[in-house]
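Visitor: Sharing a model prediction with you, sequence too.
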Amino acid sequence: MASFDPNELGTKERHSLLLGAIAPRPIALVSTVDEFGHNNLSPFSFFNIFSSNPPVVIFSAARRVRDNTTKDTLHNAMQQKEVVINVVNYAITQQVKLKFGRIFVGCRRVCEERFDANSVRSSCA
């Protein structure tokens, strides 16, 4: 069995090991609203259920590995004290992976999202 000392690994290496340790990981689409009323929808794979009594569902708004920044979701949640955690079901998993790989390259906020078994569309602002 392999063992690792986290203190001897860089952030990217630790991230990769943790991602590979638990699979498949569920995906959540976490929606928030900023102080100006703009909607935000962001995917999180660090997401799970912690308890059914009381009901506790969590997601981790950890810093991005690539540049150590935080997502708008964290800022919005801290300001508004409210989030909606949407569970991605199997029927739209591939669409979500493809969609968020493309739209968040140059667009940080989603104004309108519609998901169904046949299509995923968005408008960005």
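Guide: Received the coordinates, thanks. Numbers count the residues shown, from 1 in each chain.
Visitor: Show me the strands in the protein, by range?
Guide: 28-33, 39-44, 47-52, 55-59, 84-87, 110-115, 120-124 (DSSP state E).
Visitor: Lys71 is nearest to which of the ones you listed?
Guide: strand 39-44 (5.5 Å; C-beta to C-beta). Backbone N, C-alpha and C define where each C-beta goes, glycine included.
Visitor: That closest one packs against which elements?
Guide: strand 28-33, helix 72-80, helix 93-103, strand 110-115 (3 or more C-beta pairs under 8 Å, 6 or more residues apart in numbering; DSSP states H and E).
Visitor: one more time with 10 Å
Guide: If you count contacts as 3 or more C-beta pairs under 10 Å, 6 or more residues apart in numbering; DSSP states H and E, strand 39-44 packs onto strand 28-33, strand 55-59, helix 72-80, strand 84-87, helix 93-103, strand 110-115.
Visitor: Would you mind finding the most buried of these?
Guide: Mean neighbour count, computed with mean count of other C-beta atoms under 10 Å, is highest for strand 28-33 among those, reaching a mean of 20.
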